[in-house]
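Asker: missing the sequence, but the structure's below:
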């Protein structure tokens with residue numbers, strides 16, 4: 001096991017850690033202004049040159065236990081209490097216990113983009129709704145949808161390993177598959193949540209419009225504010241939040257908002 005140590009200011013940590021998960025890290029530890037990521041093999045870290053990358057061989061220690069020890073339960077939004085899978089803490093009164101699975105795939109709940117999605121879901125998911133979690137990762141947003149009273153939840157990811165992990169993490173009655181939005185039936189979802197990057201959002205945007213039912217809602221995150229200009233959305237933004245340089249968007253169908261509404265640029269209120 002090798003450790004890649006990176007010097008990183010707090011405002012950039014979420015994006016850096018997301019990139020490390022994409023590269024297949026087996027775990028991440030944050031220590032002050034440093035991030036330590038664990039990999040089975042070393043690789044050329046030139047892409048992280050601005051973070052002063054340093055490789056070292058991991059000592060013979062129980063890194064899994066140490067990673068787990070660095071996690072404690074924490075509240076998100078008005079209703080959720082996120083608890084790592086290996087702890088048995090109960091949620092405080094008025095909150096729902098949402099199990100998280102750090103170290104498995106993107107979507108631990110600690111990242112800003114997942115929190116933006118959870119907070120938007122609290123406000124916009126109606127009981128009994130049919131929900132699609134696109135790019136499910138660990139399955140955290142699918143499980144959150146169940147806790148919020150969704151009638152049916154479907155989760156998918158083009159990464160087969162992520163889909164398999166989500167299948168292990170969330171209840172059996174959630175439909176989980178490895179694949180893309182193209183496999184989802186038209187006009188079948190009341191709410192779609194996608195915590196993915198700007199390029200992928202553009203690729204799937206037409207499918208999201210096709211899948212969404214009339215009066216439905218789309219929740220998007222995973223996009224740094226600096227990439228907002230890259231988005232080309234065939235629906236209307238009705239809510240927008242910036243936090244730690246990340247963007248959260250709530251969107252509705254153009255048909256619902258009316259023919260005179262401009263796609264993407266409408267609405268800058270709370271998501």
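Answerer: Received it, and whenever you're ready, just let me know what you need. This one's a predicted model, so the numbers in the text were calculated from it and none came from an experiment. Residues are numbered from 1 along each chain as shown.

Asker: and residue 162, how many residues sit next to it?
Answerer: 24 (other C-beta atoms under 10 Å). For every residue, glycine as well, the C-beta is placed using N, CA and C.

Asker: Check the secondary structure at it for me.
Answerer: helix (DSSP: H, G, I helix; E, B strand; the rest coil).

Asker: Now do the phi/psi pair for residue 20.
Answerer: In terms of degrees, to the nearest 10, the main-chain angles of residue 20 are phi -70, psi -40.

Asker: oh, I was asking about residue 215
Answerer: Phi and psi for residue 215, reported as degrees, to the nearest 10, are phi 70, psi 10.

Asker: where do the helices sit along the stretch 1-150 of the chain?
Answerer: 13-22, 63-69, 112-124, 140-147 (DSSP state H, counting those that start in this stretch).

Asker: need the helices for the stretch 151-271 of the chain, in chain order.
Answerer: With DSSP H, counting those that start in this stretch as the criterion, the stretch 151-271 of the chain has helices spanning 160-169, 198-211, 254-257.

Asker: Can you tell me which helices and strands the first one packs against?
Answerer: Looking back up the chat, that one is helix 160-169. Helix 160-169 sits against helix 140-147, strand 152-157, strand 175-178, with contacts defined as 3 or more C-beta pairs under 8 Å, 6 or more residues apart in numbering; DSSP states H and E.

Asker: Now render the ones you listed as JSON lines, adding mean pLDDT, distance to residue 240 and mean neighbour count.
Answerer: Below are these laid out as JSON lines (pLDDT from 0 to 100; distance: least, C-beta to C-beta, whole Å; neighbours: other C-beta atoms under 10 Å):
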{"stretch": "helix 140-147", "mean pLDDT": "96", "distance to residue 240": "19", "mean neighbour count": "25"}
{"stretch": "strand 152-157", "mean pLDDT": "96", "distance to residue 240": "25", "mean neighbour count": "24"}
{"stretch": "strand 175-178", "mean pLDDT": "95", "distance to residue 240": "30", "mean neighbour count": "18"}
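
Asker: I'd like these laid out as JSON lines, including distance to residue 245.
Answerer: Output for the helices and strands packed on helix 160-169, formatted as JSON lines (distance: least, C-beta to C-beta, whole Å):
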{"stretch": "helix 140-147", "distance to residue 245": "21"}
{"stretch": "strand 152-157", "distance to residue 245": "25"}
{"stretch": "strand 175-178", "distance to residue 245": "31"}
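
Asker: Which one, of those, ends up nearest to residue 225?
Answerer: Proximity to residue 225, assessed across those by C-beta to C-beta, is greatest for helix 140-147 (21.0 Å).

Asker: Would you list the phi and psi of residue 33?
Answerer: Torsion angles, degrees, to the nearest 10, at residue 33: phi -90, psi 20.

Asker: quick one: contacts for it?
Answerer: Counting by C-beta atoms under 8 Å, 6 or more residues apart in numbering, residue 33 touches 7, 8, 9, 10.
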